[in-house]
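Asker: Need a 3D model of the following:
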Amino acid sequence: MSKKESQPKSPNPDLPLINLNAAGIDIGADRHWVSVPVDRDKDSVRSFGCFTADLYAIADWLKHCRIETVAMESTGVYWIPVFQILESRGFEVKLVNAHYVKTVPGRKTDVLDCQWLQQLHTYGLLAGSFRPEDQICALRSYIRQRDNLVKSACVHVQRMQKALTQMNVQLHRVISDITGTTGLAIIDAIVSGERNPQKLAALKDERIKASSTNIAAALTGDYRPELVFVLSQELLLYKFYQTQITECDTQVEQCLARFTDKVDVETNPLGKPKRRGKKQPGNAPQFDLRTHLYRITGVDFTAINGFGALTVLLILSEVGLDPSCFATVKHFTSWLGLCPGSRVTGGKVKSSKTRPVINRAANAFRMAAQTLCRSNSALGGFYRRMQARMGAPKAITAAAHKLARIFYRLWTSGTAYADPGVDAYEQKYHERMVNNLKKKAHVLGFNLVPQPTINEEQLSLVI
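Answerer: Now for the predicted structure:
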């Protein structure tokens, strides 16, 4: 490195020093550059490798330099082992968004990057990205792996459907799910060599509404050997992923069992779900997930309309169990990217669109909001009103924002959610509209007089 690069910038006397024992790390794929204050070591900038021994050497050198807090920037997942090792050694570690740091031009070398990070962190000008506690991170890894397995299984379901369509086997026309009990039984028989439509139709479950005649007609196809071979391979791959999902569910259950109980389910048992008759998703875990979530949180989040146990698990695996990480509900919805934007220039609102944020928890809230379109609840009434006024995409965002606010309130207070019902919501909305009309009429110098209600008998007399 050159002598000019090795010398850090002189501190600005106009800015107070917040973190005196701060270091900066520029993470790379094969080398990590670390900068400490100039008075801590003869070489204030050092380069380390990416092996585990090198990461422990970074921690030892930072301890020798009396460092307490570290700021690092990275892309991809290269930062994770460095973050975890330094955090386990007692350092306060902050992962900084590289986009916010690199907005200053002229700093494009690794040496200058780590020195710039160290200088900004010394002045307290860097905000770290949110990362939950280590136990939640372990659960999050299982949930993300499970999500990847489910998506991979869906790919093979689509390929099975394509092979059936190419053979003109219209199985999806007579049953709703080809991976259900009836669908898998019929596909197994086809792969095993059965071609008789009547024998295949006889494998249907008693809950199937379609008649055996219609199913037999749908199963009369052109069973070409190459397509049956493709179907057999995709079926085996789908079953393999189902086995992997089951093993992942076992790990998730064991991970949840290690969480501290927030409520005793024996003395305060969880009530039965209010919404009955709704079929569980096909990819839902086979253990009692709802009770586990109630035990570790003390709140039944599934009482919120649109929330299933799997949705709540996904959200908690991303946000954790400690609501104090988000100061207010506005901070929480802003982190999710669900609140309206505030781009104001010259006193004029340029845009109020939500920020483009890649957030798995936000996607879960949006998926839950999408299920409210036919819900006979206050949230369902709110979604339908937003949909009629703004369209479905913006209605989903607005409903997701409301769900996030309700989630945060239950998360922080520990109270139970009570749905007022769609009638109470419509009545409240009607009263609000009437009050607004009265205010407008008063401003214009008019009095708003309500008309008396006319029942059906009086209406017939008028006619």
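Asker: buried residues in whichever strand or helix holds residue 233?
Answerer: Element membership for residue 233 (DSSP states H and E) is helix 225-257. Going by neighbour count (16 or more other C-beta atoms under 10 Å), the buried part of helix 225-257 is 227-228, 230-232, 234-235, 237-238, 241-242, 244-245, 248-249, 252-253, 255-256. In short, each C-beta sits where N, CA and C put it, glycine included.
Asker: how's this protein carved up into domains?
Answerer: Per automatic domain parsing, the structural domains of the chain span 3-122, 135-257, 298-413, 433-463.
Asker: Low-confidence bits of the stretch 101-250 of the chain, can you list those?
Answerer: By pLDDT under 70, the weakly predicted segments of the stretch 101-250 of the chain are 102-107.
Asker: Let's see the pLDDT reported for the residue nearest to residue 450 when sequence neighbours are not counted.
Answerer: Ranked by C-beta to C-beta, 6 or more residues apart in numbering and with sequence neighbours excluded, the top spatial neighbour of residue 450 is residue 434, at 7.9 Å. pLDDT, residue 434: 86.
Asker: tally of neighbours for residue 434?
Answerer: Residues contacting residue 434 under the criterion other C-beta atoms under 10 Å number 12.
Asker: if we can go back for a sec, report the next helix or strand after the helix holding residue 233 in sequence order.
Answerer: Next along from helix 225-257, by DSSP H and E: helix 289-297.
Asker: how far does the next helix or strand after that following helix sit from the chain's center?
Answerer: Following helix 289-297 in sequence order, the next helix or strand is helix 309-319 (DSSP H and E). Averaging C-alpha positions (C-alpha atoms, centre = their mean, to the nearest Å) puts helix 309-319 7 Å from its chain's average.
Asker: quick one: average pLDDT of helix 309-319?
Answerer: What helix 309-319 shows for mean pLDDT is 95.
Asker: can you list contacts of that helix?
Answerer: Helix 309-319 is contacted by residues 132, 136, 139-140, 142-144, 147, 252, 281, 283-285, 289-290, 293, 297, 301-302, 325-326, 332, 359-361, 364-365, 367-368, 407 when judged by C-beta atoms under 8 Å, 6 or more residues apart in numbering.
Asker: and residue 172, how far is that from residue 237?
Answerer: Distance of residue 172 to residue 237, given as C-beta to C-beta, to the nearest Å: 19 Å.
Asker: Then residue 404?
Answerer: Counting by C-beta to C-beta, the gap from residue 404 to residue 237 is 37 Å.
Asker: Residue 23 reaches residue 71, doesn't it?
Answerer: Yes - under the criterion of C-beta atoms under 8 Å, residue 23 makes contact with residue 71 at 7.5 Å.
Asker: okay, and the common contacts of those two?
Answerer: Counting by C-beta under 8 Å, 6+ apart, the residues touching both residue 23 and residue 71 are 118, 121.
Asker: hey, where'd the strands end up in the stretch 1-150 of the chain?
Answerer: 22-26, 31-35, 45-49, 69-73, 92-96 (DSSP state E, counting those that start in this stretch).
Asker: Tell me which strands the first one pairs with, and in which orientation.
Answerer: The one in question is strand 22-26. strand 31-35 (antiparallel), strand 69-73 (parallel) (DSSP bridges).
Asker: residues near residue 108, how many?
Answerer: For residue 108, the count of nearby residues is 8 (other C-beta under 10 Å).
Asker: from now on call the first residue 205
Answerer: Sounds good: first residue 205 from here, last item residue 312.
Asker: how near is it to residue 559?
Answerer: 27 Å.
Asker: Quick check: nearest residue in space to residue 287, chain neighbours excluded?
Answerer: Distances taken as C-beta to C-beta, 6+ apart put residue 297 closest to residue 287, at 5.4 Å, once the chain neighbours are dropped.
Asker: Please apply the same query to residue 225.
Answerer: Using C-beta to C-beta, 6+ apart, the closest residue to residue 225 is residue 272 (4.1 Å).
Asker: Kindly report the same for residue 302.
Answerer: Closest to residue 302 by C-beta to C-beta, 6+ apart is residue 277, at 4.4 Å.
Asker: which ones are touching that neighbour?
Answerer: Neighbours of residue 277 in contact, by C-beta under 8 Å, 6+ apart: 229-231, 299-302, 305, 317, 321.
Asker: what about it, distance to residue 522?
Answerer: Where residue 522 is concerned, residue 277 sits at a distance of 22 Å (C-beta to C-beta).
Asker: Give me the buried entries from the contacts of residue 277.
Answerer: 229-231, 299-300, 302, 305, 317, 321.
Asker: Now compare the residues you listed and name the two farthest from each other.
Answerer: Within the buried ones among the contacts of residue 277, 299 and 317 form the most distant pair, 14.5 Å apart (C-beta to C-beta).
Asker: So the residue nearest to residue 654, which state does it fall into?
Answerer: The three-state label given to residue 638 by DSSP: H, G, I helix; E, B strand; the rest coil is helix.
Asker: sorry, back to before: for the strands of the stretch 205-354 of the chain, which one ends up most surrounded?
Answerer: strand 226-230 (a mean of 27; mean count of other C-beta atoms under 10 Å).
Asker: Only C-alpha atoms, please: export that strand in PDB.
Answerer: Listed next in PDB are the C-alpha coordinates belonging to strand 226-230 (Å, rounded to 0.1, in the frame of the first residue of the first chain):
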ATOM      1  CA  ALA A 226     -14.200   2.000  16.800                       C
ATOM      2  CA  ALA A 227     -12.800   0.000  13.900                       C
ATOM      3  CA  GLY A 228     -13.900  -0.400  10.300                       C
ATOM      4  CA  ILE A 229     -13.700  -3.500   8.100                       C
ATOM      5  CA  ASP A 230     -14.000  -3.800   4.400                       C
END
